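Asks: sequence first, then the predicted structure:
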Amino acid sequence: MSLFNNKCYKCGKCGENPDKLVIFVHGYNGSPEAIHYAIQWLSEKLENAVIVVPRAPYTCEKNAENLQWLSFFKSDPEIKFKDSATPTAEIFDIFNRLGDDFSQTATQMNEFIDEQQRLWNVADDNTYLMGFSQGAMISIYTALSRSRQLGGCISVAGIIAGKDRLATEIVSRPPFLLLHGKADTTVQYKTVPDTLAWLKSHQIDFEFFDFDGLAHRMSEDEMQKVADFINS
């Protein structure tokens, strides 16, 4: 039995032996179904890959019809991270207080990656970890704390979470692709410079693209950037 229930999507000329494995982690108050629109765009653009979308194990504290990987209310019961008046440093502190939770989730996600690699017979250098929102936070933490380096990590509308603990757990530095909408008021766009500065300060190579008018969701243009990153 898989560590997480999941959905699989074969892309391009993919048969029983895909060249590449993409683990796509959905966000808070989400589900695999909630990001199906982006998976459809991405699957049309990948050449020979399988996309595996794990399902978060917990009912969302905000909406019992959806899911979460971990609690945001635990460190931010007033949801101040979404308030435009909240200073960027305070937003980072809110997510930093969840370091233990992100570390534990990253350990589980790395076990899931190992499981899927065995299932699809794909090595680390052809495995890509991708996430949206809370899923992006988990993806960043997981990729950097993984004992073996992945082919790449993609963050869509993410932020560095648990930064103090993560800094002590970095053992891999795969290439990163970061994408963020300029109209995002959930994981606020104003946090992007601090995320990029943190990556630079820890010698992590990345590409970054932002998108005019894009709120807290994914676009087809972003999925093209992801496909270009994975197909290259």
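Replies: Great, that's in hand. Numbers count the residues shown, from 1 in each chain.
Asks: now the protein, which segments are flagged as low pLDDT?
Replies: 1, 15 (pLDDT under 70).
Asks: which residues in it form strands?
Replies: With strands called from DSSP state E, the chain shows them at 6-12, 20-25, 48-54, 58-59, 67-68, 127-132, 152-156, 176-181, 206-211.
Asks: ok, the second one: who's next to it in the sheet?
Replies: To tie it back to what came earlier, the one meant is strand 20-25. strand 48-54 (parallel), strand 127-132 (parallel) (DSSP bridges).
Asks: just the CA trace of it, in CSV.
Replies: Provided in CSV are the C-alpha atoms of strand 20-25 (Å, rounded to 0.1, in the frame of the first residue of the first chain):
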residue,chain,number,x,y,z
LYS,A,20,10.9,11.1,-15.9
LEU,A,21,8.8,11.1,-12.7
VAL,A,22,7.1,14.2,-11.5
ILE,A,23,5.6,14.3,-8.0
PHE,A,24,3.1,17.2,-7.9
VAL,A,25,2.0,18.2,-4.3
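Asks: so which residues make contact with that strand?
Replies: With CB atoms under 8 Å, 6 or more residues apart in numbering as the test, strand 20-25 has contacts from 35, 39, 42, 46, 48-54, 69, 109, 112-113, 116-117, 120, 122, 126-132, 135-136, 138-139, 151, 230. All C-beta atoms are positioned from the backbone trio N, CA, C, and that covers glycine.
Asks: equivalent analysis for the fourth one, please.
Replies: Residues outside strand 58-59 that contact it (CB under 8 Å, 6+ apart): 66, 67, 68, 69, 70.
Asks: tally of neighbours for the fourth one?
Replies: Using other CB atoms under 10 Å as the criterion, residue 69 is surrounded by 25 other residues.
Asks: which of the strands paired with strand 20-25 is buried the deepest?
Replies: strand 127-132 (a mean of 27; mean count of other CB atoms under 10 Å).
Asks: what's the single longest helix in this protein?
Replies: Longest helix in the chain, counting residues (DSSP state H): helix 99-120.
Asks: can you list the buried residues in it?
Replies: For helix 99-120, the neighbour count (16 or more other CB atoms under 10 Å) marks 99, 101-103, 105-106, 108-110, 112-117, 120 as buried.
Asks: tally of neighbours for residue 231?
Replies: Each residue near residue 231 was counted by other CB under 10 Å, and the total is 14.
Asks: could you do residue 147 as well?
Replies: 9.
Asks: how about it, phi and psi?
Replies: phi -70, psi -30 (degrees, to the nearest 10).
Asks: how close does it get to residue 156?
Replies: Distance, residue 147 to residue 156, using CB to CB, to the nearest Å: 25 Å.
Asks: I appreciate the help and will end here.
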